[in-house]
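In: give me the fold of what follows.
(one chain, ligands or ions: 1)
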Amino acid sequence: MAKKEKTIEALLKEKRTFSPSKKFTEKAHVNSDAVYRRAKRNPEKFWEDFAKELDWFKKWRKVLSWKPPHAKWFTGGKINVSYNCLDRHLSSERKNKAAIIWESESGESVVLTYWDLYREVNRFANVLKGLGVKKGDVVTIYLPMVPELAIAMLACARIGAPHSIVFGGFSAESLSGRINDSKSKVLITSDGGYRRGGIVPLKKNADDALKRSKSVKKMVVVKRVGSEAKVRMKKGRDYWWHDLMENSHAYCEPERMDSEDMLFILYTSGTTGKPKGIVHTTGGYLVGAYATTKWVFDLKEEDTYWCTADIGWVTGHSYIIYGPLANGATSLMYEGAPDYPDIGRFWAIVEKYAVTIFYTAPTAIRAFMRWGEEHPQKYDLTSLRLLGSVGEPINPEAWIWYHTHIGGKKCPIVDTWWQTETGSILISALPGITKLKPGSATLPFPTIEADIVDEDGKTIKEGAGYLVIKSPWPSMLRTIYGDPERYVEQYWSRFPGMYFTGDGAKRDKDGYLWVLGRVDDVMNVAGHRLSTMEVESALVDHPSVVESAVVGRTDQLKGQAIVAFTTLKKDLKTSAKLVGDLRQHVAKKIGAIARPDEIIFTAELPKTRSGKIMRRLLRNIAEGSVLGDTTTLADPGVVKELKEKYEDKE
Ligand code: WT7
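Out: Numbering: from 1, shown residues only. Okay, here's the model as predicted:
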């Protein structure tokens, strides 16, 4: 403990700041802070100027219609996202430029030029139409990181069918829940996916999911693995991707979408057990993704840009596909894990393609740190000119390591704060002008009214409080799919008139923002968002379990680790085997990312007299901190006993 305190103290003492080099600033898209003043003077004009850089079939009548908490952007405008990501680049030299460079786990590569991608997307759009998919029909996509994933999502956008992408690491049950919520009729998957040399049985999971998801009538299966995957195709329901594509026509007219038509649904964990379908629409989302990609990543024609996220998360939606392609950039897409076949894999890829912009998560950076700088040192990383971080707070120590050993001390780091709900980056440095402080996401993007408030919604000028956004932005979520009331209640009720992010943050004397993490029952495990209740329901579903309370505790590597306090049925004995079974059960119910790191058995959970589980206490126990006030507990003895038990373990 003493050692831990020392490191924290040392980190708080990190007072260095980092300004971009003159050379970087001179060439940057944004090289003067006049942009903030311009944005402040006329926020709508600011966004309208970006919208004008895209291709619209019909211009909007009004930039913003704001009836809190409902915003509409670019109303009356007609636009197609796939047209903006593909067609509009074909009349220039971009036609033969790499749109997507795909690298497989085993080292194969596929390069799709803008023309290639355009052709494939058109053909698949026609396949979808042939399967009966119409504008407004939700298509679920459950694929590994293969080029067909990019093709499928752009094809959906082309015909106006909202996609709902489910991360390939989720279980059959999670997939089924998302399909049922969206009532999707078509599912796109693959026979399997490669992960660290093994095979993830996606088609089998999909088959299992469809036992409980009757809305799906057609399934398209990409052949990724081949005979080893041993899949069974159901006649009349399942079709191979390559068979359908064979005779598909190479042009499909892009649907003229209303700016406010739905582009996609993406499910994310909230504070309840049931994931929420976050709804994003067309025009505003694209403008937000386009503008932030251009400015935050200072994206230029000649860049090779790599975001290491999976497209199953929002980061991949906005910053592998829509943002970069709308900018006509070259976006690298990597299928595999950072440590397979060896821990130099990422750096080998940076060297192989001379990547210039690299965007990853703090949890990965901390793993690289632990593995040692000798690994990146084996590769030529001099092509890099800008680094990014996303998903959780980056500790200054990891920031400095990233800056030194990956960025060669010359690359600015943009620490980008945003959420599935925000659609695009809301807080970040602009790399050509912002003085960086390690650990701080720095300043709101131009026009974004981010603020820190106290319990009553009053601004805290300097210090910690709740992070809120006080005015609408183009790529904000429009609603929760099928649950408009939850949208209002979840985001706009805690502080009337303000969007509540669920995060705590502090502001320093220079106005810099430091995001501290979630203040609700949402955990952030290795950059993945999970609700405590989801994990609890999975545990309670096991026949041996009566009750469970799950909390996140600080973890050096993953940011947070999952600790599950669990009560077993009477007379059941605890055992290492049971712990293993329970962890496996959660993985099966939700996905491997939700597997608890620790399971603590307890005869009872600490509750208030009204029967509410006292999570704060459990968090304190898990963090090894002082107990605080336990007088409202029905049986204070329970906590004491629990605490002793937990400490025994260490
Ligand atoms: C939550 C959103 C959208 C990016 C991927 C995660 C945390 C995100 C940062 C950052 C500190 C961050 C917040 C947020 N978060 N970026 N730069 N610094 N925290 O998207 O799954 O919707 O999770 O991730 O807690 O609320 P998500």
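
In: use CA for all of it now, contacts and neighbours both
Out: Will do.

In: my read: residue 322 touches residue 285, true?
Out: No. The pair residue 322 / residue 285 is not scored as a contact, 9.2 Å apart, by C-alpha atoms under 8 Å.

In: who has more neighbours, the two?
Out: When neighbours are counted by other C-alpha atoms under 10 Å, residue 322 and residue 285 differ, and residue 285 comes out ahead with 29 against 26.

In: pLDDT at the more buried one, what is it?
Out: pLDDT, residue 285: 99.

In: next, count neighbours for residue 91.
Out: 8.

In: can I assume it sits in a strand?
Out: No. Assignment of residue 91 by DSSP: H, G, I helix; E, B strand; the rest coil gives coil, placing it outside any strand.

In: going forward, begin numbering at 525 instead of 1
Out: OK, 525 is where the count begins now, so the last one is residue 615.

In: distance of residue 562 from the ligand?
Out: Counting by C-alpha to the nearest ligand atom, to the nearest Å, the gap from residue 562 to the ligand is 25 Å.

In: meant to ask about residue 692, not that
Out: 15 Å.

In: surely that residue is in a strand?
Out: No. Judged by three-state DSSP, residue 692 forms no part of a strand; its state is coil.

In: count of residues packed around it?
Out: Neighbour tally, residue 692, other C-alpha under 10 Å: 25.

In: does it touch residue 670 like I think?
Out: No. Residue 692 lies out of contact with residue 670 (C-alpha under 8 Å); the separation is 11.0 Å.

In: quick check: next helix or strand after the helix ranked longest in the chain?
Out: Counting residues, the longest helix in the chain under DSSP state H turns out to be helix 638-654. Past helix 638-654, heading to the C-terminal end, the next element that is a helix or strand (DSSP states H and E) is strand 663-666.

In: pull up the pairing partners for that following strand, direction included.
Out: Using DSSP bridges, the strands paired with strand 663-666 are strand 687-689 (parallel), strand 710-714 (parallel).

In: so which of those comes closest to the ligand?
Out: The ligand lies closest, by C-alpha to the nearest ligand atom, to one member of the strands paired with strand 663-666: strand 687-689, at 13.6 Å.

In: tilt between the next helix-or-strand element following the closest one and strand 710-714?
Out: Under the assignment DSSP H and E, the closest C-terminal helix or strand after strand 687-689 is helix 696-706. Angle between the axes of helix 696-706 and strand 710-714 is 150 degrees (criterion: axes from the mean of the first three to the mean of the last three C-alpha atoms, to 10 degrees).

In: mind listing residues that contact helix 696-706?
Out: The contact list for helix 696-706, computed with C-alpha atoms under 8 Å, 6 or more residues apart in numbering, reads 662, 664, 666, 688, 690, 729-730, 732-734, 736-740, 791, 799, 801, 1005-1006, 1112-1115.

In: go ahead and build a PyMOL selection from the buried members of those residues.
Out: Here is the PyMOL command that selects the buried residues among the contacts of helix 696-706 (16 or more other C-alpha atoms under 10 Å):
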select buried, resi 662+664+666+688+690+729+730+732+733+734+736+737+740+791+799+801+1005+1112+1113+1114+1115
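
In: just the ones of the contacts of helix 696-706 in helices?
Out: Counting by DSSP H, the part of the contacts of helix 696-706 found in helices is 729-730, 732-734, 736, 1112-1113.

In: mind listing the strands for the stretch 1075-1174 of the chain?
Out: Per DSSP state E, counting those that start in this stretch, the stretch 1075-1174 of the chain carries strands over the ranges 1083-1092, 1122-1125.

In: average pLDDT for the first one?
Out: Yep, that's strand 1083-1092 we're talking about. Strand 1083-1092 shows a mean pLDDT of 94.

In: near the ligand, which residues of the protein?
Out: 838-839, 914-917, 939-944, 965, 1027, 1039, 1041-1042, 1052-1053 (C-alpha under 6 Å from any ligand atom).

In: so of these, which ones are in helices?
Out: Mapping the residues of the chain next to the ligand onto helices (DSSP H) picks out 838-839.

In: could you grab the helix/strand/coil label for the nearest residue to residue 1056 once chain neighbours are set aside?
Out: The spatial neighbour of residue 1056 that comes closest, neighbours along the chain excluded (C-alpha to C-alpha, 6 or more residues apart in numbering), is residue 1074 at 5.3 Å. At residue 1074 the chain is in strand, as set by three-state DSSP.

In: do you know the pLDDT at residue 1074?
Out: pLDDT at residue 1074 comes out at 96.

In: now it: how far from the ligand?
Out: From residue 1074 to the ligand the distance is 18 Å (C-alpha to the nearest ligand atom).

In: for that residue, name its beta-bridge partners.
Out: The partner list for residue 1074 in beta bridges (DSSP bridges) reads residue 1088.

In: if you tally nearby residues, what's the number for it?
Out: If you count neighbours by other C-alpha under 10 Å, residue 1074 ends up with 27.

In: quick one: it and residue 887, what's the gap?
Out: The gap separating residue 1074 from residue 887 is 21 Å, by C-alpha to C-alpha, to the nearest Å.

In: cool, and residue 721?
Out: 22 Å.

In: who has more neighbours, the two?
Out: Neighbour count, other C-alpha under 10 Å: between residue 721 and residue 887, residue 887 has more, with 26 against 13.

In: quick check, the more buried one in contact with residue 1082.
Out: Yes. Using C-alpha under 8 Å, residue 887 is in contact with residue 1082, at 5.3 Å.

In: what's the burial count for residue 616?
Out: The burial count for residue 616: 9, using other C-alpha under 10 Å.

In: next up, phi/psi of it, please.
Out: Main-chain torsions, residue 616, degrees, to the nearest 10: phi -120, psi -170.

In: which residues do residue 887 and residue 1082 both contact?
Out: Counting by C-alpha under 8 Å, 6+ apart, the shared contacts of residue 887 and residue 1082 are 1050-1051.

In: identify the residue nearest residue 805 in space, chain neighbours excluded?
Out: Counting by C-alpha to C-alpha, 6+ apart, residue 805 lies nearest to residue 786, which is 4.1 Å off, once chain neighbours are set aside.

In: SS state for residue 953?
Out: Three-state call for residue 953 (three-state DSSP): coil.
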